[in-house]
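Novice: pasting a predicted model and its sequence here:
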Amino acid sequence: MPYVLLALAIVSEVIATLSLRASEGMSKFGPGVIVVVGYIVSFALMAKALTSLNVGPVYAIWSALGTIGAFAGGVLLFNEPIRPLTVVGAVIIVLGVIVMNLGGGVSPGGPPPPDNTH
(Lines give C-alpha, C1' and ligand atoms only; values in the text may rest on other atoms or scores of the structure.)
Protein backbone atom coordinates (compact mmCIF):
# COMPACT_ATOMS: atom_id res chain seq x y z
CA MET A 1 0.00 0.00 0.00
CA PRO A 2 2.75 2.56 0.70
CA TYR A 3 3.99 2.12 -2.88
CA VAL A 4 0.52 2.94 -4.22
CA LEU A 5 0.47 6.06 -2.04
CA LEU A 6 3.91 7.01 -3.35
CA ALA A 7 2.79 6.53 -6.97
CA LEU A 8 -0.30 8.66 -6.38
CA ALA A 9 1.83 11.34 -4.69
CA ILE A 10 4.09 11.45 -7.74
CA VAL A 11 1.16 11.70 -10.17
CA SER A 12 -0.42 14.45 -8.08
CA GLU A 13 2.84 16.38 -7.91
CA VAL A 14 3.36 16.16 -11.68
CA ILE A 15 -0.20 17.35 -12.33
CA ALA A 16 0.31 20.25 -9.91
CA THR A 17 3.61 21.21 -11.52
CA LEU A 18 2.20 21.12 -15.05
CA SER A 19 -0.78 23.15 -13.84
CA LEU A 20 1.66 25.67 -12.40
CA ARG A 21 3.01 26.15 -15.92
CA ALA A 22 -0.53 26.41 -17.30
CA SER A 23 -1.57 28.92 -14.62
CA GLU A 24 0.57 31.64 -16.24
CA GLY A 25 2.01 32.91 -12.98
CA MET A 26 -1.07 31.87 -10.97
CA SER A 27 -3.15 34.36 -12.97
CA LYS A 28 -5.59 31.69 -14.22
CA PHE A 29 -8.01 30.50 -11.55
CA GLY A 30 -8.65 26.90 -12.71
CA PRO A 31 -5.03 25.83 -13.11
CA GLY A 32 -4.17 27.75 -9.92
CA VAL A 33 -6.66 25.71 -7.92
CA ILE A 34 -5.24 22.49 -9.39
CA VAL A 35 -1.75 23.63 -8.33
CA VAL A 36 -2.74 24.18 -4.70
CA VAL A 37 -4.89 21.06 -4.39
CA GLY A 38 -2.37 18.94 -6.26
CA TYR A 39 0.52 19.88 -4.01
CA ILE A 40 -1.54 19.42 -0.83
CA VAL A 41 -2.67 15.96 -1.98
CA SER A 42 0.86 15.07 -3.06
CA PHE A 43 2.44 15.98 0.26
CA ALA A 44 -0.34 14.29 2.25
CA LEU A 45 0.11 11.05 0.30
CA MET A 46 3.89 11.27 0.62
CA ALA A 47 3.60 11.79 4.37
CA LYS A 48 1.41 8.71 4.68
CA ALA A 49 3.81 6.60 2.57
CA LEU A 50 6.71 7.72 4.75
CA THR A 51 5.11 6.22 7.84
CA SER A 52 6.38 2.85 6.62
CA LEU A 53 9.15 3.55 4.07
CA ASN A 54 12.65 5.06 4.32
CA VAL A 55 12.67 8.79 3.60
CA GLY A 56 15.90 9.15 1.56
CA PRO A 57 15.25 6.66 -1.22
CA VAL A 58 11.51 7.43 -1.31
CA TYR A 59 12.16 11.15 -1.68
CA ALA A 60 14.71 10.40 -4.40
CA ILE A 61 12.12 8.35 -6.29
CA TRP A 62 9.43 10.99 -5.79
CA SER A 63 11.59 13.86 -6.94
CA ALA A 64 13.19 11.96 -9.83
CA LEU A 65 9.96 10.63 -11.27
CA GLY A 66 8.33 14.00 -10.65
CA THR A 67 11.12 15.71 -12.57
CA ILE A 68 10.91 13.27 -15.46
CA GLY A 69 7.11 13.45 -15.46
CA ALA A 70 7.21 17.25 -15.57
CA PHE A 71 9.80 17.12 -18.35
CA ALA A 72 7.67 14.70 -20.41
CA GLY A 73 4.51 16.68 -19.70
CA GLY A 74 6.20 19.91 -20.74
CA VAL A 75 7.21 18.34 -24.02
CA LEU A 76 3.77 16.82 -24.68
CA LEU A 77 1.53 19.62 -23.42
CA PHE A 78 3.57 22.78 -23.97
CA ASN A 79 5.79 21.79 -26.92
CA GLU A 80 8.92 22.38 -24.85
CA PRO A 81 12.10 21.30 -26.65
CA ILE A 82 13.92 18.04 -26.05
CA ARG A 83 17.64 18.69 -25.97
CA PRO A 84 20.30 15.96 -25.80
CA LEU A 85 21.82 17.39 -22.63
CA THR A 86 18.40 17.42 -20.96
CA VAL A 87 17.94 13.74 -21.79
CA VAL A 88 21.40 13.01 -20.33
CA GLY A 89 20.33 14.81 -17.15
CA ALA A 90 17.17 12.70 -16.90
CA VAL A 91 19.22 9.52 -17.31
CA ILE A 92 21.61 10.68 -14.57
CA ILE A 93 18.64 11.31 -12.26
CA VAL A 94 17.30 7.79 -12.86
CA LEU A 95 20.76 6.26 -12.31
CA GLY A 96 21.07 8.21 -9.05
CA VAL A 97 17.79 6.79 -7.79
CA ILE A 98 18.89 3.27 -8.73
CA VAL A 99 22.16 3.73 -6.83
CA MET A 100 20.32 5.08 -3.78
CA ASN A 101 18.02 2.07 -3.78
CA LEU A 102 20.94 -0.32 -4.08
CA GLY A 103 22.36 1.36 -1.00
CA GLY A 104 19.32 0.92 1.21
CA GLY A 105 16.19 0.85 -0.83
CA VAL A 106 12.69 1.69 0.19
CA SER A 107 12.33 -1.13 2.64
CA PRO A 108 10.15 -0.56 5.66
CA GLY A 109 11.95 1.70 8.04
CA GLY A 110 9.46 4.14 9.40
CA PRO A 111 9.30 5.21 13.01
CA PRO A 112 9.17 2.52 15.68
CA PRO A 113 5.78 1.66 17.12
CA PRO A 114 4.74 3.64 20.19
CA ASP A 115 5.81 2.31 23.59
CA ASN A 116 2.60 1.54 25.46
CA THR A 117 4.21 -0.18 28.44
CA HIS A 118 3.82 2.58 31.02
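Specialist: Arrived safely, thanks for sending. Residues are numbered from 1 along each chain as shown.

Novice: now for the longest helix seen in the chain, which elements pack on it?
Specialist: Looking across the chain with DSSP state H, the single longest helix is helix 55-78. Counting contacts by 3 or more CB pairs under 8 Å, 6 or more residues apart in numbering; DSSP states H and E, helix 55-78 packs against helix 2-22, helix 29-49, helix 84-103. All C-beta spots, glycine's among them, are computed from the backbone N, C-alpha and C.

Novice: can you give me the angle the first one makes with helix 29-49?
Specialist: Pointing back at helix 2-22 there. 160 degrees (axes from the mean of the first three to the mean of the last three CA atoms, to 10 degrees).

Novice: re earlier: deepest-packed of the helices and strands packed on helix 55-78, please.
Specialist: For the helices and strands packed on helix 55-78, average neighbour numbers computed from mean count of other CB atoms under 10 Å are highest in helix 2-22, which has a mean of 19.

Novice: elements contacting that one?
Specialist: Judged by 3+ CB pairs under 8 Å, 6+ apart, helix 2-22 is in contact with helix 29-49, helix 55-78.

Novice: format those as a markdown table; extra columns: mean pLDDT.
Specialist: Output for the helices and strands packed on helix 2-22, formatted as a markdown table (pLDDT from 0 to 100):
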| stretch | mean pLDDT |
| --- | --- |
| helix 29-49 | 96 |
| helix 55-78 | 90 |
